[in-house]
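*Asks:* Sequence and computational prediction follow.
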Amino acid sequence: MAIHVIQSQRIDVLLQAMLKTVKSQSRNALQVLKTQHFIVPSPAVEAWLTQQLAEQKGISANTQFHHRIRGFQWHPYRDWETDRKS
């Protein structure tokens, strides 16, 4: 899992960076099935970004937003625990 940090006070800059991340091509064809995680400051920003993604790409799918960094930090650990028990 790679982490890309994009910080800006202008939401349009964040949207363009997010679109670039979502559109980036991968060597693995199944990469499009993996959930992409984004940390946002509020549910309002999440809703706006989801709407903008849908308008720009035609669909907004397979994205997960976190409103707290702590919630994001636990997500990989939970995945690891699940994989380990399988």
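*Replies:* Okay, I see it.
*Asks:* Nearest residue to Leu14 in space, please, no chain neighbours.
*Replies:* Of all residues not flanking Leu14 in the chain, Ser8 sits nearest, at 5.4 Å (Cβ to Cβ, 6 or more residues apart in numbering). Yep, even glycine has a C-beta here, placed from its N, CA and C like the rest.
*Asks:* ok, that neighbour - how many residues close by?
*Replies:* Ser8 sits with 11 neighbouring residues when counted by other Cβ atoms under 10 Å.
*Asks:* Val40 too?
*Replies:* Using other Cβ under 10 Å, Val40 has 19 neighbouring residues.
*Asks:* how near is it to Thr63?
*Replies:* 11 Å (Cβ to Cβ, to the nearest Å).
*Asks:* ranges for the helices of the protein?
*Replies:* Secondary structure of the chain (DSSP state H): helices at 11-23, 43-57, 69-85.
*Asks:* tell me the angle the second one makes with helix 11-23.
*Replies:* Interaxial angle of helix 43-57 relative to helix 11-23 (axes from the mean of the first three to the mean of the last three Cα atoms, to 10 degrees): 60 degrees.
*Asks:* Please report how far Ile39 lies from Trp48.
*Replies:* Relative to Trp48, and taking Cβ to Cβ, Ile39 is found at 15 Å.
*Asks:* Okay, now the unreliable bits of the protein?
*Replies:* Scanning the chain for pLDDT under 70 picks out the ranges 1-3, 25-27, 70-81, 86.
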